[in-house]
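> I'd like to go over a predicted model; first the sequence, then the structure.
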There are 2 protein chains.
Amino acid sequence: MTELYVGMDIGGTKTAAVVIDADGNLGASTLLPTALGNEGVLQSAEAAIAALAEQTGCSRNDFTSVGIGVPGQVNSELGEVRYAYNLRVESLSLANELHARTGLDVAVENDVTAAAVGAAHLMQLGHGSVAYINLGTGLSAGIVLDGHPVRGANGLAGEVGHLAVDPRGRQCPCGQRGCLETVASGSALKTYWPAGGEHPGWVLADAIAAGDTEAKLAFELLVEGAAATVRTIGVTVSPDTIVIGGGLRKIGAPLIDGIRANLEAGERKSPFLQSFMLSQRIRVVPEGMPVATVGAALSPRT
Amino acid sequence: MTELYVGMDIGGTKTAAVVIDADGNLGASTLLPTALGNEGVLQSAEAAIAALAEQTGCSRNDFTSVGIGVPGQVNSELGEVRYAYNLRVESLSLANELHARTGLDVAVENDVTAAAVGAAHLMQLGHGSVAYINLGTGLSAGIVLDGHPVRGANGLAGEVGHLAVDPRGRQCPCGQRGCLETVASGSALKTYWPAGGEHPGWVLADAIAAGDTEAKLAFELLVEGAAATVRTIGVTVSPDTIVIGGGLRKIGAPLIDGIRANLEAGERKSPFLQSFMLSQRIRVVPEGMPVATVGAALSPRT
């Protein structure tokens, strides 16, 4: 019998989960609302595992392992998560507690790092190095070098959204001013373009086409900040591929075209930047590709 | 008989080389002028190996390997170096050509990456992750994660000196404007404080103490840029330790104290930055510690 691995992405509103086999092929998948708080998160995880077992026609004990991607500060060695405020979790020993309830081996990974692992696998980026930039409500990145996720001291690698680049920029909730996240994120879009509603990314391109100047300014700041994020990661670790993902990829072609054009303009001015070829190293996650859950499923083996 | 490894740092004026044993203990060392150009570099390397063999009382064939740190863009897999302009080398297949002349196994590493490997070893930083910031004529960094140097696509990891952070800043020779290197480097010191002469780092602290306002401004920009470099590397890969090295460490205690004070000021304003504890993760390379040569000697095994 083939081995089956569960991968799960627990977000502030929904918990997505999949089963993959030893070759990384996708099996069952499920999507449930997330219950919040420590107990809620544990119950959500149990419910997702039960749903996958039922779909697969097996017992949950048939699963080899469960990998979970969560927001916040993750200690993968201990399987703990801290400061996952949108899950209402201050501190949770997720791996141990879920193991106690299910008997399963549980691994915990930062959700964006898991997405980087998943993108490297599903986009067939081989054993090269990959950075995954998550343009979501916030801005952060996951980095995979030689197949291994870079977690960093205190699980803090990839927090590029809070690099303060503009002393004249907006105050960031993190306490700094002019962080990349204050221009390149969903929350920044809402600040600069309140008319965009709850999901500004879904309607931004149309609004710009219709001549909305506020939408255009918000978009330009987003593109500039995203390109600066690509350059920051580029000159620091120089990944083979930089993948753009997160909710804002719904903006579609204008987003990646804008980022690429910004990078190209920089490369024309600087032979040094040209040598990085960052404009040719960026890719977008295809719509619907389950990078976060599949990456979480792969995490116990990375 | 114990195995002996040669490590070499070929710079624009001098070539330093050492022998270490399998436990990383230092044996013979030598310092020679560097001859420039492809032929000059190869001859310098051969001369250094010969000097070490003579000091050690052995034949050069008794050396197990030679690791060489060089400036420029290094392809460690192929043992090639490109664009090492201060060696007057456009492109050199250093490993193959030196092997053809000596019969020895030769590995080539970017000099700052080698210094990071050496600092991790000599400063006994264990198997944690280390970033080494080289405040020399230019500004760049070497990164070691889990004992492995991060080289990046095209060997370009660690080129943080050319992160453009100030659109109102000085033009950088790289073609961009306001790069970190335009404020935090020896060449920046010379620009902002021409009175400092050829080695401004040696006399900067005294000049500031004597009330030189130009020296003070140049120092403040240096400290601010160095702290920004620490934060950039910090939020991207979150290393356990960030080591400050390079010629400007000769400024001494005021430099590291200034960088630490700048980091602490940022941490007081931002609970987020506080969680990185970067001000407590920085260390200075002790004067005279041969991080570059020892790191190069270790490179064939990393």
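Sure, I can see it.

> so which strand or helix has the residue nearest the centre of chain A?
Nearest residue to the geometric centre of chain A (CA atoms, centre = their mean): residue A:112, 3.1 Å. Following DSSP states H and E, one finds residue A:112 within helix A:111-122.

> Direction included, what does the next helix or strand after that helix pair up with?
Downstream of helix A:111-122, the first helix or strand assigned by DSSP H and E is strand A:130-135. Paired with strand A:130-135 in the same sheet, following DSSP bridges, are strand A:139-145 (antiparallel), strand A:241-245 (parallel).

> Contacts for the first one next, please.
In this structure, residues lying in contact with strand A:139-145 by CB atoms under 8 Å, 6 or more residues apart in numbering or on different chains are A:110, A:112-117, A:120, A:129-134, A:149-150, A:157-161, A:180-181, A:184-185, A:225, A:229, A:233, A:237, A:239, A:302, B:145, B:150, B:236-237. In this view, the C-beta of every residue, glycine as well, is placed from N, C-alpha and C.

> Any quick PyMOL command for the buried ones out of these?
A single PyMOL command selects the buried members of the contacts of strand A:139-145 (16 or more other CB atoms under 10 Å in any protein chain shown):
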select buried, (chain A and resi 110+112+113+114+115+116+117+120+129+130+131+132+133+134+149+150+157+158+159+160+161+180+181+184+185+225+229+233+237+239+302) or (chain B and resi 145+150+236+237)
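
> Can you check what pLDDT the model gives the closest residue to chain B within the stretch 51-200 of chain A?
Closest to chain B within the stretch 51-200 of chain A is residue A:152: 2.8 Å, counting by CB to the nearest CB. Reported pLDDT at residue A:152 in the predicted model: 95.

> now do residue A:300
On the pLDDT scale, residue A:300 gets 80.

> Including mean pLDDT, could the strands paired with strand A:130-135 go into TSV?
Shown next, in TSV, are the strands paired with strand A:130-135 (pLDDT from 0 to 100):
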stretch	mean pLDDT
strand A:139-145	96
strand A:241-245	97
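
> Give me whichever of these is most buried.
strand A:139-145 (a mean of 29; mean count of other CB atoms under 10 Å in any protein chain shown).

> Quick check: can you name the pairing partners of the helix or strand where residue A:108 lies and their directions?
Residue A:108 belongs to strand A:106-110 when assigned by DSSP H and E. Strand pairing for strand A:106-110, using DSSP bridges, gives strand A:63-70 (parallel).

> near chain B, which residues of the stretch 1-150 of chain A show up?
A:73, A:128-129, A:141, A:143, A:145-146, A:148, A:150 (CB under 8 Å from any CB of the partner chain).

> again, only using 10 Å
A:73, A:82-83, A:128-129, A:131, A:140-141, A:143, A:145-146, A:148, A:150 (CB under 10 Å from any CB of the partner chain).

> any idea how far the residue nearest to residue A:64 when sequence neighbours are not counted is from chain B?
Closest residue to residue A:64 apart from its sequence neighbours, by CB to CB, 6 or more residues apart in numbering or on different chains: residue A:3 at 4.6 Å. Computed as CB to the nearest CB, to the nearest Å, the residue A:3 to chain B distance reads 26 Å.

> which residues of chain A fall in helices?
Assigned by DSSP state H, the helices in chain A fall at A:37-56, A:94-102, A:111-122, A:186-192, A:200-209, A:213-237, A:253-269, A:271-276, A:278-281, A:291-298.

> hey, which of these is tucked in deepest?
For the helices of chain A, average neighbour numbers computed from mean count of other CB under 10 Å are highest in helix A:291-298, which has a mean of 30.
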